[in-house]
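S.K.: one predicted model, sequence on top.
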Amino acid sequence: MTKFVIFSATLLALGTADIASMRRERLGRELIPYILIAIAAGVLALMVFADSQSLIGHMIHGV
Amino acid sequence: MQKISTRQVYIMFILTTLSPAIALFPSFVARHGSAAGWIAPIAASVGLIAVIAVLHGLFKSGRFADLHGVFGGTFGKWSAKPLLTVYLLWTFALFLLYVRYYAERIVASMFTSVNPDFFIISMLIVVFFASRAKLSAIARFSEVAILVFAVIFAVFFVSLIPTLRAIHVLPVTHYDAVPVLRSAYPIVSVWGFITLFFFLGEHIEKPDLKSFAKKAVLILSVATALMIFLVVGSLGPDTAARMPWPFFSAAKLIDIMQSFDRLEAVLSSIWVIADFILITVFVFIITNIVKKLFNLRESRYLTGPVAMLGYAGSLLLAANTRELELFAASSTTHAVNLVLCVGVPVLALAIGKMRRAL
């Protein structure tokens, strides 16, 4: 849990810094992929810190 | 924007193949090609020449700057986007694979009791800052790094000669043709990475793939063949096929005047440079594909979440080195690599010629 909190806090801090430096006129367009990748990173982190089976493990042994 | 030359692209390409080369080639080639496996890179060089010829055909008109443009011009705008998404997902998978491979190698060769998290975080912090800079800075760094690797390779080769046993790598007869071609398959698949560099087309001066191509193919095939020759020649094909890191196991045999040994730790730490270039180039490719996919003006903002995803994804990808090896050496992985890095460009060239789009 602590690791996930640290991970999320880092992601949030990075995101805030990046968004602050993005150009305002194209902010909407620039944000979409940023948020999608950040969500994917968050989901993967949640799975890692919840001790989920590895992705290759899923492929080998099934779900 | 400061652009990089085709020569620098080839240098970066050679360096990015070094990490997969020591991780995959010796054991795979020893398993399938046995004593004649060291010929496989020479056979694979024919495949690499064909890939370069196809890429040259795609870019020689100068109508398209990168692969996104080529796919849009040949397959049509609506087919290009899903294709680009497939490339993005596969490049992400390879990125996670090589981040984890790097950490596992350091743990296996030097710090057996340290958690791989530490090495992944350290590498991704450096990659995060490097990928925010210009690609030309990485290209210039690669020009220096390749000289370091040339010296390291020379020392490694010379030091391994006393441990070489001719029976492990000879004789080679015409009966070995089929096993050699089978062993060349993963090598062509890894060397196909050169295609992915052309997603960075807007960072490259007008691609003139013919210049420096012969030298690059020669350097790559001879260095890889020599590496396999010495590793398999020292350990023997049966032992090399069963080992997780035969390159480092061969380095353990080096004993200079009974004073200098344990060179595998030195080699492993220097190999971090090749990992750094490989991972940074993958981050550049991923952010450039996303940029094209979403019509963005800037791509450097994306390096933060991509690096964070690299950390979580590489840990989730595999539970241990065995799973990594299964994934990296599986024929499905090589087949997907071949389809995306060789098959799709060939198809684009054929369709482009028919539609007179190239």
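M.R.: It's in.
S.K.: name the residues of chain A found near chain B, please.
M.R.: Neighbours of chain B within chain A, by Cβ under 8 Å from any Cβ of the partner chain: A:7, A:10-11, A:14-15, A:17-18, A:21-23, A:26, A:29-30, A:32-34, A:37-38, A:40-42, A:44-45, A:47-48, A:52-57, A:59-60. All C-beta spots, glycine's among them, are computed from the backbone N, C-alpha and C.
S.K.: ok, and the closest non-adjacent residue to residue 45?
M.R.: With no chain named, the answer covers chain A. In this structure, A:Ala45 finds its nearest non-sequential neighbour in B:Ala312, 3.9 Å apart by Cβ to Cβ, 6 or more residues apart in numbering or on different chains.
S.K.: that's the wrong chain, I wanted chain B
M.R.: Using Cβ to Cβ, 6+ apart and skipping residues adjacent in sequence, the residue nearest B:Ser45 is B:Ser221, 3.8 Å away.
S.K.: and what about the one you found, helix, strand or coil?
M.R.: Classification of B:Ser221 using DSSP: H, G, I helix; E, B strand; the rest coil returns helix.
S.K.: wouldn't it be in contact with B:Ala40 here?
M.R.: No - using Cβ atoms under 8 Å, B:Ser221 makes no contact with B:Ala40, being 9.6 Å away.
S.K.: can you get me the start-to-end distance on stretch B:333-347?
M.R.: 20 Å (Cα to Cα, to the nearest Å).
S.K.: now the element after the lengthiest helix in chain B, going C-ward?
M.R.: Criterion DSSP state H: the longest helix present in chain B is helix B:77-109. Note on helix B:77-109: by DSSP states H and E, the next helix or strand toward the C-terminus is helix B:116-132.
S.K.: what is the helix or strand that comes right after that next one packed up against?
M.R.: From helix B:116-132 onward toward the C-terminus, using DSSP H and E, the following helix or strand is helix B:135-160. Applying 3 or more Cβ pairs under 8 Å, 6 or more residues apart in numbering or on different chains; DSSP states H and E, we find helix B:135-160 packed against helix B:6-33, helix B:213-235, helix B:246-252, helix B:263-293.
S.K.: rebuild those helices as TSV, extending it with mean pLDDT and mean neighbour count.
M.R.: As requested, the helices and strands packed on helix B:135-160 are exported to TSV (pLDDT from 0 to 100; neighbours: other Cβ atoms under 10 Å in any protein chain shown):
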stretch	mean pLDDT	mean neighbour count
helix B:6-33	85	24
helix B:213-235	87	21
helix B:246-252	77	23
helix B:263-293	87	22
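S.K.: want to throw these into TSV with distance to B:Ile106?
M.R.: Listed next are the helices and strands packed on helix B:135-160 as TSV, based on distance: least, Cβ to Cβ, whole Å:
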stretch	distance to B:Ile106
helix B:6-33	12
helix B:213-235	19
helix B:246-252	11
helix B:263-293	6
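S.K.: now B:Ile187: closest residue in space, sequence neighbours ignored.
M.R.: B:Ala44 (3.8 Å).
S.K.: which positions within the helix or strand containing that neighbour qualify as buried?
M.R.: Counting by DSSP H and E, the element that carries B:Ala44 is helix B:40-59. Neighbour counts over helix B:40-59 (16 or more other Cβ atoms under 10 Å in any protein chain shown) mark B:40-41, B:43-45, B:47-48, B:51-52, B:54-55, B:57-59 as buried.
S.K.: tell me the pLDDT at residue 61?
M.R.: Going with chain A. pLDDT, A:His61: 71.
S.K.: that's the wrong chain, I wanted chain B
M.R.: At B:Ser61, pLDDT is 80.
S.K.: what's B:Ile4 sitting at in phi/psi?
M.R.: Main-chain torsions, B:Ile4, degrees, to the nearest 10: phi -100, psi 160.
S.K.: identify the residues contacting it.
M.R.: Contacts for B:Ile4 (Cβ atoms under 8 Å, 6 or more residues apart in numbering or on different chains) come out as B:Leu135, B:Ser136, B:Ala139, B:His203, B:Ile204, B:Glu205.
S.K.: give me that answer again for 6 Å
M.R.: B:Leu135, B:Ser136, B:Ala139, B:His203, B:Ile204 (Cβ atoms under 6 Å, 6 or more residues apart in numbering or on different chains).
S.K.: now swap in B:Ala145 and tell me
M.R.: B:Ile273.
S.K.: next one: B:Gly57
M.R.: B:Leu349.
S.K.: any idea how far chain A is from it?
M.R.: Counting by Cβ to the nearest Cβ, to the nearest Å, the gap from B:Gly57 to chain A is 31 Å.
S.K.: kindly report the same for B:Phe71.
M.R.: Distance of B:Phe71 to chain A, computed by Cβ to the nearest Cβ: 19 Å.
S.K.: same thing with B:Ala137?
M.R.: Taking Cβ to the nearest Cβ, one finds B:Ala137 at 20 Å from chain A.
S.K.: tally of neighbours for that residue?
M.R.: 13 (other Cβ atoms under 10 Å in any protein chain shown).
S.K.: just the pLDDT for it.
M.R.: 89.
S.K.: for it, which non-adjacent residue is closest in space?
M.R.: B:Ala130 (7.5 Å).
S.K.: could you do B:His203 as well?
M.R.: Nearest one to B:His203, counting by Cβ to Cβ, 6+ apart, is B:Leu135 at 4.5 Å.
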